[in-house]
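Visitor: Below are the sequence and a predicted model; questions follow.
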Amino acid sequence: MKNFNSILFIALFWVIFSNCKDRKPIKAANDKPSIDLQSTNKQDMDWEFPFDGKTLDGWKKLGGDATYHIEGDMIVGTTAAVSDTTNSFLATKKFYDNFILEFEVILDLAPDNYHNSGVQIRSNSLPEYRNGLVHGYQVEIDPDTTERSGGIYDEGRRGWVHDLSDNPVAKKAYKLGEWNYFRVVANGSSIKTWLNGVPAANYEDSMTSTGFIALQVHSTDSEKPLQVKWRNIKIKAL
């Protein structure tokens, strides 16, 4: 009987040992999310955030007398007195050539008054050109009845170059009194824009290949100061 028990004990030990040997380690439940998080962090690292949320370091004001200040996570531009007929710009000190630019913007409602804005891309201010006048491609932000937000205006040079007259869907994409999301892809001679996810401008031009990005506050006929607010500004080099 003792011999039988000994044999049984050895047999059971061998079965348990064999199972432990063949058992594969179980992955932790958070293994996959960790990989996803690493991927997300890398994607975030590809983006540049020119506004640090605290200061306007890396920016400079050009043009008129409109003012810019920080309010929470926003850059806020306020129109100057009606007597100032010059547009104002808050420009990056850094130049950009091929890139993806994303931002959100909201404009004060201004019934019966002119209120307009835009974001300059590949733009310049040169002493030899009209005494430093800001000029270059502008992604239009236009809540007026002309409905051209997302179109391309050539500030200080040729005027409208893509006014969305061929894109009635995009002309209806701007939301009055709400945050609007813009995406711009400038790559070589191609400039494409999206407004709230709707494809807007698709423009080819090679006049200027590099320059600063600038937030415009347009001159106005409103006696009451009007504001433009930008947030979530980010740029990815191509």
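Guide: Ah, there it is. What you are looking at is a predicted structure, and each value in this text was computed from that prediction instead of being measured.

Visitor: residue ranges of the helices in the chain, please?
Guide: 2-22, 31-45, 168-171 (DSSP state H).

Visitor: Could you pull up the mean pLDDT of the second one?
Guide: Think helix 31-45. Mean pLDDT, computed over helix 31-45, is 51.

Visitor: which ones are touching the most centrally placed residue in the chain?
Guide: Geometric centre of the chain, nearest residue: Glu102, 1.6 Å, by C-alpha atoms, centre = their mean. Taking C-beta atoms under 8 Å, 6 or more residues apart in numbering as the criterion, Glu102 is in contact with Tyr181, Phe182, Arg183, Val184, Asn232, Ile233, Lys234, Ile235. (Each C-beta comes from the backbone N, C-alpha and C, glycine too.)

Visitor: Just the buried residues out of these, in ChimeraX syntax.
Guide: Those of the contacts of Glu102 that meet the burial criterion (16 or more other C-beta atoms under 10 Å) are gathered into one ChimeraX selection, given here:
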select :182,183,184,233,235
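
Visitor: how close does the residue nearest to Val139 when sequence neighbours are not counted sit to Asp163?
Guide: Among residues not flanking Val139 along the chain, Val119 sits closest, at 4.8 Å (C-beta to C-beta, 6 or more residues apart in numbering). As judged by C-beta to C-beta, to the nearest Å, Val119 and Asp163 stand 17 Å apart.

Visitor: Low-confidence bits of this protein, can you list those?
Guide: Along the chain, the parts satisfying pLDDT under 70 run over 1-44.

Visitor: redo that, cut-off 50
Guide: 2, 4-5, 7-17, 20-35, 37-40 (pLDDT under 50).

Visitor: that older thread, narrow the contacts of Glu102 to those in strands?
Guide: Using DSSP state E, the subset of the contacts of Glu102 located in strands is Tyr181, Phe182, Arg183, Val184, Asn232, Ile233, Lys234, Ile235.

Visitor: what's across from the nearest residue to the fifth one once chain neighbours are set aside in the sheet?
Guide: This points to Asn232. In this structure, Asn232 finds its nearest non-sequential neighbour in Glu104, 5.0 Å apart by C-beta to C-beta, 6+ apart. Glu104 has these beta-bridge partners by DSSP bridges: Tyr181, Arg231.

Visitor: wait, doesn't Glu104 sit right on Phe182?
Guide: Yes: if you go by C-beta atoms under 8 Å, Glu104 and Phe182 touch, sitting 7.4 Å apart.

Visitor: dump the residue contacts of Gln216.
Guide: Applying C-beta under 8 Å, 6+ apart, the residues contacting Gln216 are Gly77, Asn87, Ser88, Phe89, Ser117, Gly118, Val119, Gln120, Gln138, Ile141, Glu155, Val228.
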